[in-house]
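Q: heads up, no residue letters with this:
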């Protein structure tokens with residue numbers, strides 16, 4: 001596991017326990033870059049949707065995070081913010097409702 005993947009794992013493990021059952025069907029994926037310069041992308045139904053059984057995906061884009069971070073702590077903070085942002089989409093929040 002590379003350093004960026006370890007940072008992603010730490011951020012996922014920091015998600016509060018009470019939310020984890022709602023993320024059991026969510027895959028977290030790391031890709032090198034996004035053609036659109038995104039930090040992350042949520043794909044799938046929201047946790048509020050009834051009867052949805054296909055997996056949701058949260059993709060984190062490594063190069064976007066590295067470009068936005070000068071230090072390891074900034075990278076950790078940025079990955080955490082991105083994961084919280086994309087998990088917010090999973091829970092049905094719109095862009096304007098998200099804190100990050």
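A: Arrived safely. This structure is a prediction, so every number in the text was calculated from the model and none was measured. Numbers count the residues shown, from 1 in each chain.

Q: model confidence over the longest helix along the chain, on average?
A: Ranked by residue count, the top helix of the chain under DSSP state H comes out as helix 72-90. What helix 72-90 shows for mean pLDDT is 94.

Q: If we go by neighbour counts, what in stretch 29-45 is buried?
A: Across stretch 29-45, burial judged by 16 or more other CB atoms under 10 Å covers 30, 34, 39, 40, 41, 42, 44, 45. Quick note: C-beta positions are derived from backbone N, CA and C, even for glycine.

Q: what does it contact?
A: Stretch 29-45 is contacted from outside by 4-5, 8, 26, 52, 54-65, 68, 78, 82-83, 85-87, 89-90, using CB atoms under 8 Å, 6 or more residues apart in numbering.

Q: Type out the ChimeraX command that picks the buried ones from those residues.
A: Per 16+ other CB under 10 Å, the buried members of the contacts of stretch 29-45 correspond to this ChimeraX selection:
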select :4,8,26,56,58,59,60,61,62,64,65,78,82,83,85,86,87,89,90
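
Q: Geometric centre of the chain: which residue is closest?
A: The chain has residue 83 as the residue nearest its centroid, 2.8 Å off, counting by CA atoms, centre = their mean.

Q: In contact with that one, which residues?
A: Residues near residue 83 by CB under 8 Å, 6+ apart: 8, 11, 12, 15, 28, 40, 58, 60.

Q: 7 Å - rerun?
A: By CB atoms under 7 Å, 6 or more residues apart in numbering, the contact set of residue 83 is 11, 12, 58.

Q: And residue 94, by the same measure?
A: By CB under 7 Å, 6+ apart, no residues touch residue 94.

Q: Residue 58 versus that one, what's the distance?
A: Residue 94 is 17 Å from residue 58, where distance means CB to CB, to the nearest Å.

Q: same thing with residue 73?
A: Residue 73 is 22 Å from residue 58, by CB to CB.

Q: before we move on, back to that, tell me the least confident of the buried residues of stretch 29-45?
A: residue 45 (74).

Q: Let me know whether residue 26 touches residue 90 as I believe.
A: Yes: between residue 26 and residue 90 there is a contact at 6.4 Å, judged by CB atoms under 7 Å.
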